[in-house]
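**Q** got a predicted model here, sequence first, then my questions.
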Amino acid sequence: MSSKFIKLLKIKKGIWYFSLFLILFSLIGILSSSFYKPIKKPINLGMDFVGAMKLELKEYVMNLVQRLQLIFYYKRLKIFQAIKLLSTI
């Protein structure tokens with residue numbers, strides 16, 4: 001049984017150049033579509049990406065609101081307890 005291995009360390013520079021070419025090609029495509037009037041936006045994001053971002057943001061905001069409500073109620077409770085304690089003196 002013979003198996004072939006790719007010696008990546010020998011072609012490391014070629015891999016970097018290929019990756020750089022793909023990145024530049026993508027950026028040029030995004031920039032050119034930004035200025036092309038019929039497209040109106042560089043990348044049309046799919047529903048999966050947009051929907052997931054909305055859900056994550058909604059969850060983050062809801063957690064933040066719940067934390068702020070707990071802090072508010074805790075402070076109100078402390079003030080109420082302090083007033084009650086002062087009224088007994």
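**A** On my side now, so go ahead. Owing to the predicted nature of the structure, the values given are computational and were not obtained by experimental measurement.

**Q** and the host helix or strand of Tyr17, how far out from the chain middle?
**A** Per DSSP states H and E, Tyr17 falls inside helix 12-34. Distance, stretch centre to chain centre, for helix 12-34: 23 Å (C-alpha atoms, centre = their mean, to the nearest Å).

**Q** likewise for stretch 27-43?
**A** Per C-alpha atoms, centre = their mean, the centroid offset for stretch 27-43 relative to its chain is 22 Å.

**Q** sorry, back to before: mind giving me the packing neighbours of the helix holding Tyr17?
**A** Applying 3 or more C-beta pairs under 8 Å, 6 or more residues apart in numbering; DSSP states H and E, one finds that helix 12-34 contacts no other helix or strand. Every C-beta, even on glycine, is put in place using the N, C-alpha and C of the backbone.

**Q** buried set for that helix?
**A** Residues of helix 12-34 classed as buried by neighbour count (16 or more other C-beta atoms under 10 Å): none.

**Q** for Leu8, grab phi and psi.
**A** phi -70, psi -30 (degrees, to the nearest 10).

**Q** I figured it hits Ile15, correct?
**A** Yes - contact criterion C-beta atoms under 8 Å: Leu8 and Ile15 qualify, at 7.0 Å.
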